[in-house]
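Chemist: Provide a 3D model corresponding to the input given below.
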Amino acid sequence: MPIEAVVWDIDDTLFDYTTADRRGMREHLAAEGLLAGYDSADEALARWREITDRQWARFAAREVDFVTQRRDRTRVFLGSPGLTDAEADAWFDRYVTHYEAAWALFPDVLPVLDDLAASHRHAVLSNSSLTVQDRKLRVLGVHDRFEAILCAAELGVSKPEAGAFLAACDALGLAPDRVAYVGDHPEIDGRGAAEAGLLSVWIDRGGRSAGPEAPSGHHRIASLAELPALLRTGTRFGAPSTFG
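Modeler: Residues are numbered from 1 along each chain as shown. Now for the predicted structure:
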C-alpha cells in the first residue's frame, strides 16, 4: 500500500525543543538569581530536565493534568511544595518568555515539507496540549501545513498507546498502513507507531543508536532529507540510515 500521509511529532522532531528549553531555562535562572545555588549552569539544567521528564511521565500516565505537571515541575525544582498555583504559574510564565525567544525549526524541516507538499497529506500528533502546540506551530510559521493537530491532553490518550496513533489516522480518514509517523523517540514514537500499524520512522539526529540498524519495527533516519525517498519506496522493513 502506498503511503498517503505523514503524521509528525513536534518537539525535537520539527521543533528544536531541547535547545530552546536549555537556552530559555539558562536565561531564566540567571534572571531569577538561581544559578548561584549550583556548581554550574549545566548541573542546574540537568536537574530541570530530570524533573521535567519525571513530571511529564505522570502526565502521560494521566496521573495529573497538563497544568498540574507544569506547576509540580516548578515546585519540585524550587524545593517549594507550598508554592501557590498563582506563584507557580507566574514563575513558569517567566521561564516561557525566555524559552519562546529561542524557538526554531530544525533546518531540514521546511525543505522536506516543501518536497512532500504535493505528494502527501500531513498532520501532527503530540503528547502535549493543543493550546501549547497550536500556538507553537503558528509562531514557527508552519501551522497551515497540517490538516489536523492532535494532542494527548485533549485526546485523553498518549503515545505510545495505539489509540493515539489510530486517532491521527481517523482524523485523516486513512487506514494505518497508509500513514507514516515521524518522531524522535525510539520507543514512544517509533515502537508505538509500528505496533499501531503505521510506517514508523525514527529521526535520530543525535546518533543515539549504537549501530546502523533501526530498533525492531521501524526505520531510523539521521536527517529528514532521507524521508522522501523512504516514503516513496513504500518499504515496511527496517532500514539503516543512508547518512554516515
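Chemist: low-confidence ranges in this structure?
Modeler: Confidence mapping of the chain against pLDDT under 70 gives the ranges 208-217, 234-244.
Chemist: just the helices in it please.
Modeler: 17-32, 41-60, 66-78, 85-101, 109-116, 130-139, 152-155, 162-172, 192-195, 227-233 (DSSP state H).
Chemist: tell me which of those helices approaches His219 most closely.
Modeler: helix 227-233 (6.1 Å; C-beta to C-beta). No exception for glycine: its C-beta is placed from N, CA and C like everyone else's.
Chemist: what residues sit buried inside the closest one?
Modeler: Leu227, Pro228, Leu230, Leu231 (16 or more other C-beta atoms under 10 Å).
Chemist: and the contacts of it?
Modeler: Counting by C-beta atoms under 8 Å, 6 or more residues apart in numbering, helix 227-233 makes contact with 3, 6, 112, 115-116, 119-120, 180, 182, 199, 201, 219, 221, 239, 242, all of which sit outside it.
Chemist: any of those buried? List them.
Modeler: By neighbour count, with 16+ other C-beta under 10 Å, the contacts of helix 227-233 hold 3, 6, 112, 115-116, 120, 180, 182, 199, 201, 219, 221, 239 as buried.
Chemist: nearest to Arg47 among the residues you listed?
Modeler: Val182 (30.4 Å).
Chemist: max pairwise distance over the buried residues of helix 227-233: which two?
Modeler: The largest separation in the buried residues of helix 227-233, counting by C-beta to C-beta, is between Pro228 and Leu230 at 7.3 Å.
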